[in-house]
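K.L.:
Mind folding the following:
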Amino acid sequence: QVQLVESGGGSVQAGGSLRLSCAVSGYTHTNNYMGWFRQIPGKEREGVAAIDKDGNPYYEESVKGRFTISQDAAKTTLYLQMNNLKPEDTAMYYCAADGWWLLPSYPYWGQGTQVTVSS
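P.N.:
Have a look, this model is predicted:
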């Protein structure tokens, strides 16, 4: 059974940083991507960052240069380092496994962790 458990969310002021973690278990890595998504109430879930099987990162335009996706060598933990946070980054953040790029059609999802950025 695949389990994805996020942690690291919280409340910060604009310009601050947070590091999200996603503990991955029960998942056999494939040629597909792992990713981070975010969602605010009333809007569709959007891709923030993704990483392919070779460790190459991909980012949504608004987070380029501020967010960094990475994973540990064993691929059991996925990270999202978020720097220079802005109020518009406020959302529930989800990690996901076995999908394609930044498209929200991943089959496996965590429960989410809330990020709130105040101005």
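K.L.:
Report the next helix or strand after whichever strand or helix holds S21 in sequence order.
P.N.:
Assessed by DSSP states H and E, S21 sits inside strand 18-25. Per DSSP H and E, the first helix or strand lying C-terminal to strand 18-25 is strand 33-39.
K.L.:
Of all residues in the chain, which one is nearest the centre?
P.N.:
By CA atoms, centre = their mean, the chain has its centre lying nearest to W36, at 2.2 Å.
K.L.:
still on that earlier bit, buried sites along the strand holding S21?
P.N.:
In terms of neighbour count (16 or more other CB atoms under 10 Å), strand 18-25 has its buried residues at L18, L20, S21, C22, V24. All C-beta spots, glycine's among them, are computed from the backbone N, C-alpha and C.
K.L.:
Return the backbone torsion pair for the spatially closest residue to Y33 that is not a sequence neighbour.
P.N.:
Counting by CB to CB, 6 or more residues apart in numbering, Y33 lies nearest to A50, which is 4.5 Å off, once chain neighbours are set aside. Note on A50: backbone dihedrals following degrees, to the nearest 10 are phi -140, psi 160.
K.L.:
now the buried residues of strand 18-25 in JSON lines, with pLDDT and distance to V12?
P.N.:
As requested, the buried residues of strand 18-25 are exported to JSON lines (pLDDT from 0 to 100; distance: CB to CB, whole Å):
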{"residue": "L18", "pLDDT": "98", "distance to V12": "6"}
{"residue": "L20", "pLDDT": "98", "distance to V12": "12"}
{"residue": "S21", "pLDDT": "98", "distance to V12": "16"}
{"residue": "C22", "pLDDT": "98", "distance to V12": "19"}
{"residue": "V24", "pLDDT": "97", "distance to V12": "25"}
